[in-house]
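Asks: Structure of the sequence below:
(2 chains)
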Amino acid sequence: MREHEVEWTDLMRSAIAGDGAAYHRLLKAITPVLRAAARRGLARAGQPVDQSEDIVQDVLLAVHLKRHTWDSSAPFAPWLFAIARNKLIDALRRRGRRVFVDIDEFAETLAGEPVVETPAQTEVAFQLQSLPARQREILQSIAVESSSIKATAAKFGMTEGAVRVALHRGLASLTARLREQ
Amino acid sequence: METDQLIRMLAADSAHRARPVGLVLAMALLVAAPVSVAMFFMGLGVRPDMMSAMHNPFFDLKFAVALGLALSAITVSLHLSRPEASLRGWGWLLLIPAGLLVGGLAAEMMLPQRLPMMTRLMGSNSRVCLTAIPVISLPLLAAALIGLRHGAPTRPAITGAIAGLASAGLAATLYAAHCTDDSPMFVATWYTIATALVAGIGAVLGAKVLRF
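Replies: The predicted structure follows:
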């Protein structure tokens, strides 16, 4: 097994045991791998790779909300890649065009294209706008202004527990909205 | 939204702990079970000769097969609620109830029987069996799907079908106490058709509701 996969498993074990920093590091570490896999999958299906970030974010949300289905005695990577594969297939199916084109035809055009980094408006950002105002403000406070739970609670005059509940509900309904679209 | 920002939100929520899928599934089934039991007693009820029937091993076999199906299907569906899982290595569990039934069939063949084969196979309750098992299983199927939705099955149709097997097994456990046809041939025919029907409903529903 590759070295980083062992590292991921260790990080996820620490995360499950309550180490928030390990969890943050793990999500950061898997993101470039997920991004590369999403691009490869889109290119193979003859789809524009600029939507890969939507898939990455979709996978990250699923990893987060379904992490209780990971068996901590098993390696983390197969679990992660099963979710990633599932989300990629979903994304291709949603576009309604599951045309598989030989990757060689695209390899040349792909190599010539400028690499677009994170697009400004992902589907998550779009769905965020449809959340109830207070939930959205809490999510944005944490995401955009990188406030802590504590600071966010102080800002909105809420208890930390209430912020935690709103944050989790917000993430869950974001995911539900992404699935429904 | 940038992915780094999303990661910050997820990390902030890291303290949230979800319940294990098995616990949620068990709770959902425990809520639905009284509904199915009530449906059974209101619509069918226990057969009048229940006490003497219990001495008939073929009567008891119905419960073993039905409960065996329910338990093995619940186990397999729980396994399938993990994204990386496949039926490989686990599907054989579903052969346990089938094996019990085949054993019953073999025993029936070897023992002298009062009634001709076709009479035993057709029985007198086939239509009730085909309706009662699917109807009684519906609350349990809904519960199983709700429980499994808490998981992350990457094969939603198959997982839904297994949830159908589990709920049909539980429903058949109840129905077996009503049905006066104890011949393994009757069970192998009509219980199986009714169970397949529920599995089909489960597959269709699962493909819709179990995607995450």
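
Asks: now the helices for chain A?
Replies: For chain A, helices defined by DSSP state H occupy the ranges A:3-16, A:20-44, A:52-65, A:76-94, A:103-112, A:123-128, A:133-143, A:149-156, A:160-180.

Asks: quick one, which of those is packed in tightest?
Replies: The highest mean neighbour count among the helices of chain A, using mean count of other Cβ atoms under 10 Å in any protein chain shown, belongs to helix A:52-65: a mean of 24. For glycine as for every other residue, the C-beta is placed from the backbone atoms N, C-alpha and C.

Asks: Give me every residue in chain B lying close to chain A.
Replies: Contacts of chain B with chain A, taken as Cβ under 8 Å from any Cβ of the partner chain, map to B:1-21, B:81-84, B:151-152, B:154, B:211-212.

Asks: Mind doing that once more with 6 Å?
Replies: For chain B, the residues in contact with chain A (Cβ under 6 Å from any Cβ of the partner chain) are B:1-3, B:5-14, B:16, B:18, B:82-84, B:151-152, B:154.

Asks: Can I get the buried part of those as one PyMOL selection?
Replies: A single PyMOL command selects the buried members of the residues of chain B next to chain A (16 or more other Cβ atoms under 10 Å in any protein chain shown):
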select buried, chain B and resi 1+2+3+5+6+7+8+9+10+11+12+13+14+16+82+83+84+151+152+154
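
Asks: ok so, going back, tabulate the helices of chain A (TSV), appending mean pLDDT and distance to chain B.
Replies: TSV is the format used below for these (pLDDT from 0 to 100; distance: least, Cβ to the nearest Cβ, whole Å):
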stretch	mean pLDDT	distance to chain B
helix A:3-16	91	6
helix A:20-44	94	4
helix A:52-65	95	4
helix A:76-94	93	4
helix A:103-112	47	21
helix A:123-128	89	4
helix A:133-143	91	4
helix A:149-156	92	6
helix A:160-180	92	5
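
Asks: Quick one: closest of these to residue B:102.
Replies: Proximity to residue B:102, assessed across the helices of chain A by Cβ to Cβ, is greatest for helix A:76-94 (34.5 Å).

Asks: roughly how far out does the closest one sit from the chain middle?
Replies: Its chain's C-alpha centre lies 11 Å from the corresponding centre of helix A:76-94 when counted by Cα atoms, centre = their mean, to the nearest Å.

Asks: Which strands and helices lie in contact with it?
Replies: Secondary-structure packing of helix A:76-94 (3 or more Cβ pairs under 6 Å, 6 or more residues apart in numbering or on different chains; DSSP states H and E): helix A:3-16, helix A:20-44, helix A:52-65.

Asks: ok and the second one relative to helix A:3-16, angle-wise?
Replies: By that I understand helix A:20-44. If you take axes from the mean of the first three to the mean of the last three Cα atoms, to 10 degrees, helix A:20-44 sits at 130 degrees to helix A:3-16.

Asks: And for the last one?
Replies: Using the same axes, to 10 degrees, the interaxial angle of helix A:52-65 with respect to helix A:3-16 works out to 50 degrees.

Asks: Restricting to C-alpha, output helix A:52-65 in CSV.
Replies: Output in CSV follows, covering the C-alpha atoms of helix A:52-65 (Å, rounded to 0.1, in the frame of the first residue of the first chain):
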residue,chain,number,x,y,z
SER,A,52,-14.3,18.7,-11.5
GLU,A,53,-14.4,21.0,-8.5
ASP,A,54,-18.1,20.3,-8.1
ILE,A,55,-17.4,16.6,-7.9
VAL,A,56,-14.5,17.2,-5.4
GLN,A,57,-16.8,19.2,-3.1
ASP,A,58,-19.6,16.6,-3.5
VAL,A,59,-17.2,13.9,-2.4
LEU,A,60,-15.9,15.9,0.5
LEU,A,61,-19.4,16.5,1.8
ALA,A,62,-20.2,12.8,1.4
VAL,A,63,-17.0,11.8,3.2
HIS,A,64,-18.0,14.1,6.0
LEU,A,65,-21.6,13.1,6.4
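
Asks: Can you tell me the SS state at the nearest residue to residue A:28 once chain neighbours are set aside?
Replies: With sequence-adjacent residues excluded and distances taken as Cβ to Cβ, 6 or more residues apart in numbering or on different chains, residue A:28 is closest to residue B:7, at 6.2 Å. Three-state call for residue B:7 (DSSP: H, G, I helix; E, B strand; the rest coil): helix.

Asks: Any stretches of chain B with poor pLDDT?
Replies: Scanning chain B for pLDDT under 70 picks out no residues.

Asks: Could you pull out the helices in it for me?
Replies: Using DSSP H, helices in chain B cover B:3-12, B:21-43, B:50-53, B:57-80, B:95-110, B:117-122, B:126-149, B:156-175, B:184-186, B:192-209.

Asks: Single out the most deeply packed of those helices.
Replies: Taking mean count of other Cβ under 10 Å, helix B:156-175 is the most buried of the helices of chain B, at a mean of 27.

Asks: contacts for that one?
Replies: Identification of contacts with helix B:156-175 by Cβ atoms under 6 Å, 6 or more residues apart in numbering or on different chains yields B:40, B:63, B:66-67, B:69-70, B:73-74, B:76-77, B:80, B:132-133, B:136-137, B:140-141, B:144-145, B:148, B:153, B:191, B:195, B:198-199, B:201-203, B:205-207, B:210-211.
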